[in-house]
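Peer 1: make a model of this:
(one chain, ligands or ions: 1)
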Amino acid sequence: MDILERIKEIKEKLNEASVAYYVNDNPIMDDYEYDMLMEELIRLEEENPSLKTLDSPTQRIGGEVLSKFKKVTHQVKMMSLADAFSYDELREWDKRVKAVAADATYCVELKIDGLSVSLKYEDGVLVQGATRGNGTVGEDITHNVKTIKSVPLKLKTPLTTEVRGEIFMPKASFIQLNLEREENEEELFANCRNAAAGSVRQLDSRIAAKRNLDTFLYYYLDQNVETQVEALEDMKRLGFKVNPMYRHCKTMDEVISYIEEMGKKRPDLPYDIDGIVLKVNEINLHSVIGETVKYPKWAIAYKFPPEEVHTELLDITYQV
Ligand code: NAD
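Peer 2: Model (predicted):
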């Protein structure tokens, strides 16, 4: 098969998988297969730049927004993350960062396997919750976000601000939900991420309210903080739920031992994670390092290899 044909074939597969995953919340391939096809496409486009098109899946964030929701235009684009699948790739990324920002250190965090959410507050009151959508335009899911107990409806300080993070479904809630669905002969959700996405993208907020969704917030769009660690601490003080397992690392060796440690903890965590996110801790360096159309260059996701999970309760094996 020639390169052009292979590119066309991968694009078709990725586009089909994206609709199933982002629009229907019902994936038709596992994440690892999707990630490997994406890696191959990125490599083929790098080797053949004339074959890279603007509508390529390598240039697009997420999926299309569902028309049943009011549309929300994000004032600051909600981006994706570049992926790394090996420590070598991480070290290469570190070299690229240090080439332009020699003093950079990293805030490393768990990569929660849920869906991104933007929360807007006016004078300390929650006024809007939105999905990432295609990065520029998301879906208004305020009615569902308000049902999530960890989302403060009112902040401790009357701030006008925006925070971003992840909505997820804890593993126990996911198992319970699928048991109920099995009893009712309804289609099972493939994993926690799709169950969470399927729950918040409903018009009837009574459905989300019953699903025990939870949140971890990790971006604070307030320029008064100097580091990502400070941003996390500030968000905690404001009343947001912040994952406590982040760490400030000064070297890549420290980053890699964090990844090893979290990889061991992963099966016992009460929520799914699919990797570790590294962010340059010093926020003033972000604009120096820059971004592409799809992701910031000052952050990267290390993706864990796929994990076989067997749930005896459901007697099904699924991949996360
Ligand atoms: P991504 O999931 O690889 O990474 C970006 C996302 O990570 C962010 O948008 C954010 O929501 C999330 N995130 C979690 N914890 C975070 C933290 N601490 N800090 C910052 N961000 C954090 O990228 P994506 O664009 O959302 O989705 C692409 C991925 O989705 C693919 O790599 C694949 O694994 C999966 N996918 C699978 C299929 C399929 O058919 N199985 C289809 C499409 C996408």
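
Peer 1: C-alpha from now on. contacts and neighbour counts both.
Peer 2: Fine.

Peer 1: would you check how far apart D214 and the ligand are?
Peer 2: 13 Å (C-alpha to the nearest ligand atom, to the nearest Å).

Peer 1: what is the neighbour count of that residue?
Peer 2: A count of neighbours around D214, defined by other C-alpha atoms under 10 Å, yields 20.

Peer 1: quick check: pLDDT value at it.
Peer 2: Looking at D214, its pLDDT stands at 98.

Peer 1: and what of D25?
Peer 2: So D25 comes in at 86 (pLDDT).

Peer 1: got the contact list for it?
Peer 2: N194, A195, A197, G198 (C-alpha atoms under 8 Å, 6 or more residues apart in numbering).

Peer 1: repeat for N26
Peer 2: With contact taken as C-alpha under 8 Å, 6+ apart, N26 is in contact with A20, F189, A190, N194.

Peer 1: shaky segments in the stretch 51-200 of the chain?
Peer 2: With pLDDT under 70 as the threshold, the stretch 51-200 of the chain has no low-confidence stretch at all.

Peer 1: what does it have sitting close to the ligand?
Peer 2: Selection of the stretch 51-200 of the chain residues close to the ligand by C-alpha under 6 Å from any ligand atom yields I61, G62, S80, L81, E109, L110, K111, I112, D113, L115, S116, E166.

Peer 1: if we can go back for a sec, next step: the contacts of N26 restricted to helices.
Peer 2: N194 (DSSP state H).

Peer 1: columns neighbour count on top of the contacts of N26, output as CSV?
Peer 2: Below are the contacts of N26 laid out as CSV (neighbours: other C-alpha atoms under 10 Å):
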residue, neighbour count
A20, 16
F189, 19
A190, 19
N194, 22
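
Peer 1: ok, and the most crowded of the residues of the stretch 51-200 of the chain next to the ligand?
Peer 2: The most crowded member of these is L110, carrying 24 neighbours; neighbours defined as other C-alpha under 10 Å.

Peer 1: up against the ligand, what does the stretch 201-320 of the chain have?
Peer 2: Y218, V277.

Peer 1: list the contacts for D222?
Peer 2: T161, E162.

Peer 1: helix or strand for it, which one?
Peer 2: For D222, there is no enclosing helix or strand under DSSP states H and E.

Peer 1: how many neighbours does L119 have?
Peer 2: For L119, the tally of surrounding residues (other C-alpha under 10 Å) stands at 22.

Peer 1: okay, buried residues for stretch 272-285 please.
Peer 2: Buried residues in stretch 272-285, counting neighbours by 16 or more other C-alpha atoms under 10 Å, are found at 272-283, 285.

Peer 1: could I get the full set of helices for the protein?
Peer 2: Counting by DSSP H, the chain has these helices, from start to end: 3-18, 31-47, 87-100, 142-145, 171-183, 192-200, 205-210, 228-238, 252-265, 286-289.

Peer 1: what's the domain layout of this protein?
Peer 2: As recorded under automatic domain parsing, the domains making up the chain are 1-60, 61-319.

Peer 1: could you identify which of those is most buried?
Peer 2: Among these, judged by mean count of other C-alpha atoms under 10 Å, the one packed with the most neighbours on average is domain 61-319 (a mean of 18).

Peer 1: so how far is that one from its chain's centroid?
Peer 2: 4 Å (C-alpha atoms, centre = their mean, to the nearest Å).
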